[in-house]
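Participant: how would this look folded up:
(chains A and B, ligands or ions: 2)
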Amino acid sequence: MSALIKLQDVYKIYSLEDVEVPAIDGISLEINQGDFVALIGPSGSGKSTVMNLIGCLDTATKGTIHLGSHNIQHLSESDLAQIRGKQIGFIFQTFNLIPSLHALDNVALPMLFQHIPKSARNKKAKKLLEQVGLADRMYHLPNQLSGGQRQRVAIARALINDPEIILADEPTGNLDTKTGEEIMKLLSSFHRQGKTIILVTHNPALTKLANKVIRMKDGQIMGG
Amino acid sequence: MNLDHVLIAVHSIRHRKLRSWLTVVGIIIGVAAIISLITVSRSLESTIQQQFEQFGANRIIISAKGFQGPGTMSQGLTTEDVDTIQKISGFKYVVPGLFRSAEVGFHGETGFTLIGALPAEQYRDFYADTGIELDRGKMIQEGDTHVALIGSRVAADMFGKEMGVGNKIIINKVNFKIIGIMKEIGNDHDDNQIAIPLETAREIFNEPERVDTIIAQVKSGADIPSLQHKIERELERKRGDTNFQVLTATQILEQINQVLGVMQVVLVGIAAISLLVGAIGIMNSMYTSVLERTKEIGIMKAIGARNSDILQIFLMESGLIGLVGGLLGSALGTAGALALGSFSKGAGFLLLVKIEISVLLFGLLFALVLGLLSGILPAYQAAKLKPVEALRYE
Ligand SMILES: Nc1ncnc2c1ncn2[C@@H]1O[C@H](COP(=O)(O)OP(=O)(O)OP(=O)(O)O)[C@@H](O)[C@H]1O
Ligand SMILES: [Mg+2]
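Facilitator: Ligands and ions are numbered 1, 2, ... in the order given. Got it, this is the predicted structure:
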């Protein structure tokens, strides 16, 4: 079975004045359909950078990245937008909801960018909000929700276009332990439904849900 | 255009109410200033034009030129000059006018105002052609002496007590009887006058000969420029000097328009400055409001928005703000011009404010286009950032 996500000798180098900072220093990895991968490592080791590259939010300095059959280095900006919208669902540490839109509209927004009619969008968004336990918070603005509730809105948003891949960059980082556990339960239920999940975390306890753990240090994969 | 994008834009505008309103207020002020200045300046022009068309087109006005009076060589106009002009054919009538400022007494109070005098028998025709009407009482007519027609402001405001037909007034220490009150004419100068028969004025002011202005009303269809030349030729021949000027109403209008032109340049200059200040204000607030939301743009890109989606949303937003500002600004500017119009009326100066659709449209378009332009630049800059970079923006 060929890998769903494949990085070959990938570098991300930031040039600051005259020093070159290699945030990613030659990484190769493969992630298969249905994997639950935990990406751990100390702060500054390059975990977020890897996520951003896989999620087409950023471009690599060197190397190739394949998502399914696409070599993303060869795709146009609007093709990348399509991949971000349809194949990938992001969950960020800081939730990143649109402050002016209520929960329902936030969840439905990725479908809007796919030009799906409003009635279909709202139906699906309502269903997902019910699934994450926010049936009674659909018309709340982000600043009227708790951190855990916001993250659940973000999770519902990540799922709305049925992406194959869910990228979660420290999704529990801003939440207390109990709320964090609930979020992790949701993620692992999506894994059981067949989603491919990549989770960045500092917390070794959370890696036990994963079937594959990648340890990073100084922009490289340890023992990899 | 996509309705969904409009809705996102509307939500966003409503979400940051205060900032949106501040931006809108900036636009309103800019547009209102422009609209009111342009409207007032154009109304001024058309008011004067209209006033002249009302009574002036068929008139030739003769007045003395240069300094006059005792000790100067220059001789003012006299009744002889009136005779000279009356001998030329082509006029409906020729009216000599004498104007003096004089003390007026009424009910024990006194004050100064302008006294205008025409031959008693000519009032009826001259006032009819000039559009001056009586509010009450009757016109001065042939044979009348020591009677007066009172301008509307003199009657109403000059003395503690309002003047009425039949009342007695004292002009230059001589008793007169009020026989009529004029309707409001619309300018201070005319409404503050008292009209009396010329014959009586000659007695009380001790001016047996002098004439200040001669107005020659041209028969309809007559050739005005050629009559003007005839008057000039005859007067010069009879008087042996050129200390007079003969102007047609059109020429006077041209002179006024010249002065008005200078005024308009000033007004338009001020309008242009407010335009510029308004434009900079709009651009500044639009720019910061879009820049502030770079992170939101990053979020939208992360969940699948194309650059064109981002641009559409932000253009919609800045366009809407521009449109609302333009609408309210046009309304406020119009109200301002109208207010100035009624204020000027109260101050005794006639300004008929004319609201022009084209000026309003201009204000609206100006705000819209400026809003769009000042929104497009920061939105474009933010849209072309890599999503990570936009997301990192704080
Ligand atoms: N825009 C940038 N310019 C320069 N250097 C950067 C930039 N973004 C990241 N880096 C550097 O790249 C390295 C990796 O950063 P990254 O955010 O991937 O770390 P991380 O593993 O996610 O850390 P954390 O656990 O703290 O989130 C860091 O040393 C960081 O300083
Ligand atoms: Mg990180």
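Participant: residues from the stretch 1-150 of chain B in reach of chain A?
Facilitator: B:Asp4, B:Ile8, B:His11, B:Ser12, B:Arg14, B:His15, B:Arg16 (C-beta under 8 Å from any C-beta of the partner chain). C-beta here means a position set from N, CA and C on the backbone, and glycine is covered the same way.
Participant: Can you say which of these are buried?
Facilitator: Taking 16 or more other C-beta atoms under 10 Å in any protein chain shown as the criterion, what is buried in the residues of the stretch 1-150 of chain B next to chain A is B:Asp4, B:Ile8, B:His11, B:Ser12, B:Arg16.
Participant: quick one: the helices in chain A?
Facilitator: Along chain A, counting by DSSP state H, helices occupy A:47-54, A:77-86, A:103-112, A:118-131, A:147-159, A:177-192.
Participant: and those helices as CSV, adding distance to B:Leu247 and mean pLDDT?
Facilitator: As requested, the helices of chain A are exported to CSV (distance: least, C-beta to C-beta, whole Å; pLDDT from 0 to 100):
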stretch, distance to B:Leu247, mean pLDDT
helix A:47-54, 83, 96
helix A:77-86, 73, 94
helix A:103-112, 72, 96
helix A:118-131, 73, 96
helix A:147-159, 80, 95
helix A:177-192, 91, 90
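Participant: Reformat those helices as CSV; add distance to B:Leu114 and mean neighbour count.
Facilitator: As requested, those are arranged in CSV below (distance: least, C-beta to C-beta, whole Å; neighbours: other C-beta atoms under 10 Å in any protein chain shown):
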stretch, distance to B:Leu114, mean neighbour count
helix A:47-54, 86, 24
helix A:77-86, 79, 19
helix A:103-112, 73, 25
helix A:118-131, 74, 16
helix A:147-159, 80, 25
helix A:177-192, 89, 16
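Participant: among these, which is nearest chain B?
Facilitator: Evaluated with C-beta to the nearest C-beta, the helices of chain A place helix A:77-86 nearest to chain B, the distance being 1.9 Å.
Participant: Could you list which residues are in contact with B:Arg392?
Facilitator: B:Lys295, B:Gly298 (C-beta atoms under 8 Å, 6 or more residues apart in numbering or on different chains).
Participant: related to what we said a few turns ago, distance to B:Asp212 added to the helices of chain A, as a markdown table?
Facilitator: Shown next, in a markdown table, are the helices of chain A (distance: least, C-beta to C-beta, whole Å):
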| stretch | distance to B:Asp212 |
| --- | --- |
| helix A:47-54 | 90 |
| helix A:77-86 | 82 |
| helix A:103-112 | 79 |
| helix A:118-131 | 80 |
| helix A:147-159 | 87 |
| helix A:177-192 | 96 |
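Participant: Ligand 1 is nearest to which of those?
Facilitator: helix A:47-54 (3.1 Å; C-beta to the nearest ligand atom).
Participant: Narrow the buried ones among the residues of the stretch 1-150 of chain B next to chain A to those in helices?
Facilitator: Judged by DSSP H, these include B:Asp4, B:Ile8, B:His11, B:Ser12 as members of helices.
Participant: how close does the closest residue to B:Gly97 other than its chain neighbours sit to B:Leu149?
Facilitator: Nearest non-adjacent residue to B:Gly97, counting by C-beta to C-beta, 6 or more residues apart in numbering or on different chains: B:Thr213, 4.5 Å away. Look at B:Thr213 and B:Leu149: by C-beta to C-beta, to the nearest Å, they are 18 Å apart.
Participant: Looking at the two, which one has more neighbours?
Facilitator: B:Leu149 (26 against 16; other C-beta atoms under 10 Å in any protein chain shown).
Participant: List the residues that contact B:His15.
Facilitator: By C-beta under 8 Å, 6+ apart, the contact set of B:His15 is A:Pro99, A:Ser100, A:Leu141.
Participant: Let's see which of these end up in strands.
Facilitator: Of the contacts of B:His15, none are assigned to strands by DSSP state E.
Participant: For chain A, what lies in contact range of chain B?
Facilitator: Checking chain A against chain B by C-beta under 8 Å from any C-beta, the hits are A:52, A:55-59, A:77-78, A:81-82, A:84-86, A:90, A:92, A:96-101, A:105, A:109-110, A:112-114, A:118, A:141, A:157, A:161.
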